[in-house]
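Colleague: have a look at this fold, sequence not included:
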Ligand SMILES: [Fe+2]
């Protein structure tokens, strides 16, 4: 799968959150650079925890009406990430898994930013 690249259409209209989304793209792309999958997922977990919580706090502060649904998407992603980290710990990582993890992350992030994150952009003005 191609390297994920930031695109201006990904902007949610908030510089700080855009910067964090760029950071997520960088971390996800590391999976294609041969870095160990467990290491990449550990780093992603730390980053995602900080980013999701911050995004949720900002949305809470503006009474974003779809916050509950948005939080559920974050939680579902975190469950997937934990299950993937678990699989790595039990030594199940093979080449195919690296590819499917990388592909899932890229698809999830772009869809999440373009649909769910974009949906709150008007509320942060
Ligand atoms: Fe989000």
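Modeller: Looks like it arrived, so ask away. Note that the structure is a prediction, hence the values are computed from the model and not measured.
Colleague: how close does residue 22 get to residue 12?
Modeller: From residue 22 across to residue 12, the span is 12 Å (CB to CB, to the nearest Å). (Each C-beta comes from the backbone N, C-alpha and C, glycine too.)
Colleague: ok, those two, which is more surrounded?
Modeller: Here residue 22 and residue 12 are set side by side on neighbour count (other CB atoms under 10 Å), and the busier one is residue 12, at 21 against 12.
Colleague: so what's that one up against?
Modeller: Contacts for residue 12 (CB atoms under 8 Å, 6 or more residues apart in numbering) come out as 18, 21, 113, 117, 118, 120, 121, 124.
Colleague: recalculate using a threshold of 7 Å.
Modeller: With contacts defined as CB atoms under 7 Å, 6 or more residues apart in numbering, the neighbours of residue 12 are 18, 117, 118, 120, 121.
Colleague: backbone dihedrals for residue 4, please?
Modeller: Torsion angles at residue 4 (phi, psi; degrees, to the nearest 10) stand at phi -80, psi 130.
Colleague: swap that for residue 34, sorry
Modeller: Main-chain dihedrals, residue 34, degrees, to the nearest 10: phi 90, psi 0.
Colleague: of the contacts of residue 12, which is the most crowded?
Modeller: The member of the contacts of residue 12 that has the most neighbours, counting by other CB under 10 Å, is residue 117 with 23 neighbours.
Colleague: check contacts around that residue.
Modeller: Contact criterion CB under 7 Å, 6+ apart gives residue 12 as the residues in contact with residue 117.
Colleague: how about the residues of the chain by the ion?
Modeller: Contact residues (CB under 5 Å from the ion) of the chain with the ion: 55, 117.
Colleague: sec struct for the residue most central in space within the chain, please.
Modeller: With distances taken as CA atoms, centre = their mean, the chain has residue 109 as the residue nearest its mean C-alpha position (5.0 Å). When the structure is split into helix, strand and coil by DSSP: H, G, I helix; E, B strand; the rest coil, residue 109 lands in helix.
Colleague: which element is the closest residue to it other than its chain neighbours on?
Modeller: Using CB to CB, 6 or more residues apart in numbering and skipping residues adjacent in sequence, the residue nearest residue 109 is residue 24, 5.9 Å away. Taking DSSP states H and E as the definition, residue 24 sits inside helix 15-29.
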